[in-house]
Every structure is written in C-alpha cells, then in structure tokens.
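Chemist: would you be able to build a 3D model of this:
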Amino acid sequence: MDTLQNMRVFVRIVEAGSFTAAAHSLDSTTGAMSRALSELEAHLRTRLLNRSTRRLALTPAGELYLKRCKQILADLGSAEEEASGAHERPAGALRLHSFASIGQQYVLPAISKYRALHPEVTIELTLSQRMADLFEGSSDVSVVTATSLPNSDLVSHQLGSSCSVLCASPGYVRTHGAPHTPADLAHHDCLILKTPTSPVHEWTLEGPEGSVAMHVDGPVQVNIAESLAVAIREGMGIGMLPVYAAIDGLRNGTLVRVLPQHILQKVNVYALYPSRKFVDAKTKTWVEFLRAHLPEVIARDMALLEKLTREPLAHTPVIEAHEASADVS
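Modeler: Residues are numbered from 1 along each chain as shown. Model (predicted):
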C-alpha cells in the first residue's frame with residue numbers, strides 16, 4: 001500500500017467534497033478514490049469519513065488525521081523543494097492570496113517590481129474577500145488587512161497601518177451639500193462597503209470629539225472598494241473608502257473628502273504564511289520584498305492624505321463643501 005499517495009487522496013476527497021470531484025482533479029477514477037480511502041481506513045483500523053449518497057462528513061478521528069496529513073504532505077513538499085535547490089534560487093510558481101482592494105492597489109504593483117528582481121518566479125494571484133486557509137495549501141503567502149490577528153500557527157509580518165475616509169463626488173456635494181458633523185450623515189445617502197473586517201451598517205468615526213458610532217443605510221451596497229469608488233464618482237452618495245482605494249480620486253479631484261477631520265476603520269496590513277520547517281526561496285524573497293517595499297508605499301499614501309486634507313487642490317471642493325451645504329439648507 002502506498003500510504004503517502006492514499007493520504008493525498010484522502011486530503012483531496014475532503015477538499016473537493018466528493019469522490020467524483022477528487023477523481024477529476026487527480027485525473028483518476030471514482031473507484032480508485034474509494035479503494036484508496038478504504039485501504040487507508042483498513043490500515044489505520046478506523047473510519048475517517050462517514051459517507052452517504054448525498055454527503056461526506058469527517059469523523060472525529062478523520063478530523064485529527066486530516067490535520068496531520070496536511071502538515072506531513074506540506075513538509076514533504078518543502079523537503080523536496082529544498083533538496084532540489086528551491087531554497088537557494090527563487091523560481092517556479094508563487095501562489096499568492098490577497099484581499100481584493102489592497103491586492104489591486106498594492107500587491108499587483110509590488111509583484112511587478114518583485115518580478116523585475118526575480119524573473120524566474122511566476123505569480124498566481126487570487127483576489128478574494130475571504131481569508132485564505134494557508135494550511136490547506138492553495139496559497140503560499142496572503143496579504144490581508146485586519147485590526148488584529150487571532151492566535152494561530154501562521155507566521156505574520158505587519159507591513160503598515162491604514163484607515164478609511166468618507167468620500168463623495170463633487171457633483172453630489174454641489175447638489176446635496178456635505179455633512180458638518182457625523183450626525184448629519186443621517187440625512188445623506190450612505191453607500192455601504194461590505195468587508196470581512198467591519199460591520200456592514202455601522203460606521204465608527206474617530207475625530208476631534210472622540211469616537212462616534214453611526215448607523216448608516218443607503219441605496220447601494222458592494223463588496224469591493226473599487227466598485228464603491230465608481231458608485232461614489234457617479235454621485236450616488238457618500239461612501240467609506242480605504243485610503244489606498246481613495247487616494248487617486250482625491251488627488252485628481254474626482255472624489256471629495258467629507259468630514260475631513262474624521263477617519264474610520266483603522267487596520268493593519270499583514271503578510272501571512274504557514275509556519276514550516278522549510279521555506280522556499282521564492283516565498284522567502286517575496287516576504288522580504290513586501291517587508292521592505294509596502295511600509296514605504298503605505299506611509300506615502302497616508303502622508304499624501306494628510307497633505308490633501310490640509311492643502312486641498314484648487315479644483316477639489318473639500319473646503320467648498322461647507323458652503324454648498326449652507327446653500328441647500
């Protein structure tokens with residue numbers, strides 16, 4: 001019996017959710033999947049999966065064994081990479097995961113610069129609003145934003161800190177005015193950004209008066225900051241944008257910052273990867289590059305936000321918003 005291969009089959013069956021899907025991904029047959037699992041269970045003298053015609057479910061023993069299998073297979077893969085020289089020269093496919101917005105604004109430009117240094121590395125980037133299961137093995141490194149991280153076996157590096165700001169279009173401000181205080185948001189259309197790190201309909205504003213929590217609602221809800229920026233530019237209402245998604249619009253005047261003395265949703269930016277005995281060269285050099293590059297980029301955007309707030313562009317009506325508000329009232 002090939003125990004390692006049967007372990008791989010067991011993990012694939014669980015990940016795929018069925019024998020048929022596992023067989024398809026491994027270019028095998030459903031019968032071969034079933035035989036491999038039966039051999040493994042006979043070898044262990046325990047049932048790993050409860051299966052019926054409709055669903056599969058791990059047994060308690062199966063849950064423990066699955067975790068061990070994933071770690072053993074990951075260590076084996078890393079050991080093979082190390083033996084083949086992967087720990088010395090960055091090369092091959094690097095599988096990256098990132099939250100969508102920060103991935104578009106920060107990770108993709110960083111990839112371009114990284115590949116100029118390491119052209120033998122190819123990149124497979126997955127953008128998602130969900131945290132990747134790095135122990136499952138589909139990604140090598142993840143870049144995420146969070147107020148803090150739960151305790152886990154992941155290795156984490158903080159790359160900087162950012163926040164969100166409230167924005168509208170110049171046209172919206174001219175037509176509807178701008179809020180003077182957080183309480184004025186109740187009289188405006190508030191566009192909702194649904195993210196993994198914040199309540200959907202609650203904005204907590206930090207400003208001169210301290211922390212103020214506001215319940216907000218509006219006609220549009222999206223889950224990607226860049227899509228929300230489009231809705232804001234189209235004049236649909238006021239929205240909360242991460243600084244990295246808002247900064248270009250604030251700089252070119254297509255977005256207006258409202259309640260400019262307030263910020264929302266302070267978050268940290270993290271690079272995460274599994275804790276392993278062996279880290280290959282492409283993963284190691286990518287993380288090292290992020291640690292050197294992204295803090296500067298994040299700090300640059302935060303400094304530019306301060307400058308634009310303090311000295312708004314002549315065509316950007318951040319200051320004029322108060323006058324427009326007075327006109328419509």
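
Chemist: could you use CA atoms for every contact and neighbour count after this?
Modeler: OK.

Chemist: secondary structure class of residue 9, three-state.
Modeler: With DSSP: H, G, I helix; E, B strand; the rest coil as the basis, residue 9 sits in helix.

Chemist: residues in contact with it?
Modeler: By CA atoms under 8 Å, 6 or more residues apart in numbering, the contact list for residue 9 reads 22, 33, 36, 37.

Chemist: at 10 Å what do you get?
Modeler: Listed by CA atoms under 10 Å, 6 or more residues apart in numbering, the contact partners of residue 9 are 3, 15, 19, 22-23, 26, 32-37, 40.

Chemist: which ones among these lie within strands?
Modeler: Using DSSP state E, no member of the contacts of residue 9 falls within strands.

Chemist: JSON lines for these, including distance to residue 280, pLDDT and neighbour count?
Modeler: Formatted as JSON lines, these follow (distance: CA to CA, whole Å; pLDDT from 0 to 100; neighbours: other CA atoms under 10 Å):
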{"residue": "3", "distance to residue 280": "25", "pLDDT": "89", "neighbour count": "12"}
{"residue": "15", "distance to residue 280": "24", "pLDDT": "87", "neighbour count": "12"}
{"residue": "19", "distance to residue 280": "32", "pLDDT": "90", "neighbour count": "23"}
{"residue": "22", "distance to residue 280": "27", "pLDDT": "89", "neighbour count": "22"}
{"residue": "23", "distance to residue 280": "29", "pLDDT": "90", "neighbour count": "20"}
{"residue": "26", "distance to residue 280": "25", "pLDDT": "87", "neighbour count": "14"}
{"residue": "32", "distance to residue 280": "33", "pLDDT": "92", "neighbour count": "13"}
{"residue": "33", "distance to residue 280": "31", "pLDDT": "92", "neighbour count": "22"}
{"residue": "34", "distance to residue 280": "34", "pLDDT": "91", "neighbour count": "17"}
{"residue": "35", "distance to residue 280": "34", "pLDDT": "93", "neighbour count": "13"}
{"residue": "36", "distance to residue 280": "30", "pLDDT": "94", "neighbour count": "20"}
{"residue": "37", "distance to residue 280": "31", "pLDDT": "93", "neighbour count": "23"}
{"residue": "40", "distance to residue 280": "30", "pLDDT": "93", "neighbour count": "23"}
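
Chemist: just send these back as JSON lines, with distance to residue 106 too.
Modeler: Shown next, in JSON lines, are those (distance: CA to CA, whole Å):
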{"residue": "3", "distance to residue 106": "43"}
{"residue": "15", "distance to residue 106": "30"}
{"residue": "19", "distance to residue 106": "39"}
{"residue": "22", "distance to residue 106": "35"}
{"residue": "23", "distance to residue 106": "38"}
{"residue": "26", "distance to residue 106": "35"}
{"residue": "32", "distance to residue 106": "44"}
{"residue": "33", "distance to residue 106": "42"}
{"residue": "34", "distance to residue 106": "44"}
{"residue": "35", "distance to residue 106": "47"}
{"residue": "36", "distance to residue 106": "44"}
{"residue": "37", "distance to residue 106": "43"}
{"residue": "40", "distance to residue 106": "45"}
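
Chemist: and of those residues, the nearest to residue 133?
Modeler: Nearest to residue 133 among the contacts of residue 9, counting by CA to CA, is residue 15 at 11.3 Å.

Chemist: and the gap between the closest one and residue 58?
Modeler: As judged by CA to CA, to the nearest Å, residue 15 and residue 58 stand 11 Å apart.
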